[in-house]
Each structure stands twice: as structure tokens, then as C-alpha cells.
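In: The sequence isn't on hand, but the structure is:
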């Protein structure tokens, strides 16, 4: 997924816009994907099109490039792709990766892991993401601001930008994180 170079194309959404209902509405998924995610792809292409050095770099390198705009848009593309691919619609039969399933178990189960994400979201100010990421043999839950891209094997990615939840939950971030957990951690039930 990360070896892509300019010009960047959006990856297809792995499910229909309505597949995350009732937790995330069709309008939310469609707006998030069509306007926000595709907007990051377009802006990234605009940032690199006139620079032959940047055009030769893969998207992960661009996310770490040091150029504020390029890093922001490349991070936005990668982060959204991880977010969308980490949602498991109710009818989806996909399973967590072995690492993610082990982390859920290690965390005390899906409900306990959800509480950890909720605690992080309560203390997070502004826009960004909460991640469960494995790197250097250690799995941790951490936050990143804006579109900072996290290195490592991402197990879970919760988008805390208001565009991810405002249409459904207004400013109730906690209610959104609970809904996100129902889609990202398949063993969470009603």
C-alpha cells in the first residue's frame, strides 16, 4: 500500500457508504471519503507535481519529508487509508489480524481496549488520531496531532478529526469513539 508514487490515486473504499450503519451513517462515510480523503489525495498531487525530487518519492517518504504541506497531505492520505481499512462493517466477515487480536486479548478484551481509547480521546485536545501501533516489538496506544503519520504496524486507527463524526454525533466525541470501536473491534457487541 505504501510504495505508491506520484501521481497518487485514491484507494477504493473496501465497503459501501452505508455499510457502517447504524454506527456511522452513509452521509458521514461518503463525505469523509469523497470530500476529505480524496481532497488530501488531490492536494498531495498539487504539492508534488512541480517538484521532480518529490515526484520520485513514495508516499511514506513524503509523509516524513520535512516539508510542512507535503507531510500534512501525505499523512492525511495514509492516515485515512488506515482508518477506512480498519473499520469492519456489521455484515463484514473480515477478522482482525493475529497481532490485533492478541492486543485485544492482552488489553483485557474489547471493552477494556475501548475504555483505553476513550480515556485517550477525553484527554486529547484538537484534531488528530489515536493509534494502537506495534513497533520495536512493543505495542502501545498513542495519539498524533493533525495528520502526523505514525510509523510501525498499525493495529487500530481512530480518526479524531470532527469531520469523522460531526454529522452523526455533533461534538460528542465519546459517543463517536464508542461507535468507532464497534466497527474497529469486531467483538464489541450491542
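Out: Alright, I've got the coordinates. Bear in mind the structure is a predicted one, so any value in this text is a computation, not a measurement.

In: CA only for contacts and neighbour counts going forward, please
Out: Fine.

In: who touches the closest residue to residue 56 other than its chain neighbours in this structure?
Out: Across the structure, with CA to CA, 6 or more residues apart in numbering as the measure, the residue nearest residue 56 apart from its sequence neighbours is residue 5 (6.5 Å). Taking CA atoms under 8 Å, 6 or more residues apart in numbering as the contact definition, residue 5 lies against 55-59.

In: what are the phi and psi values for residue 5?
Out: Summarising the backbone geometry of residue 5 under the convention degrees, to the nearest 10, its torsions are phi -130, psi 170.

In: If it is in a bridge, with which residues?
Out: Per DSSP bridges, the residues bridged to residue 5 are residue 58.

In: Could you tell me what pLDDT the model assigned to it?
Out: According to the model's per-residue confidence, residue 5 sits at a pLDDT of 89.

In: swap in residue 92?
Out: Reading off the confidence values, residue 92 has pLDDT 74.

In: With residue 70 as the reference, measure out to the residue nearest to residue 56.
Out: With distances defined as CA to CA, to the nearest Å, the gap from residue 5 to residue 70 amounts to 13 Å.

In: end to end, how far does stretch 167-181 reach?
Out: Counting by CA to CA, the length from the leading to the trailing residue of stretch 167-181 is 18 Å.

In: Weed out the non-buried ones from the contacts of residue 5.
Out: Burial of those was assessed by neighbour count (16 or more other CA atoms under 10 Å); the buried members are 55, 57-59.

In: Show me what the one helix or strand residue 112 maps to is packed against.
Out: Per DSSP states H and E: residue 112 is located in helix 110-123. With contacts taken as 3 or more CA pairs under 8 Å, 6 or more residues apart in numbering; DSSP states H and E, helix 110-123 sits against strand 128-135, strand 138-145, helix 173-184.

In: could you check the angle helix 173-184 makes with it?
Out: Interaxial angle of helix 110-123 relative to helix 173-184 (axes from the mean of the first three to the mean of the last three CA atoms, to 10 degrees): 140 degrees.

In: residues in contact with helix 110-123?
Out: Under the criterion CA under 8 Å, 6+ apart, residues 104, 107, 130, 141-143, 160, 173-174, 177-178, 181, 185, 187-188 lie in contact with helix 110-123.

In: What is the nearest of the residues you listed to residue 36?
Out: Checking those against residue 36 with CA to CA, the nearest one is residue 160 at 13.3 Å.
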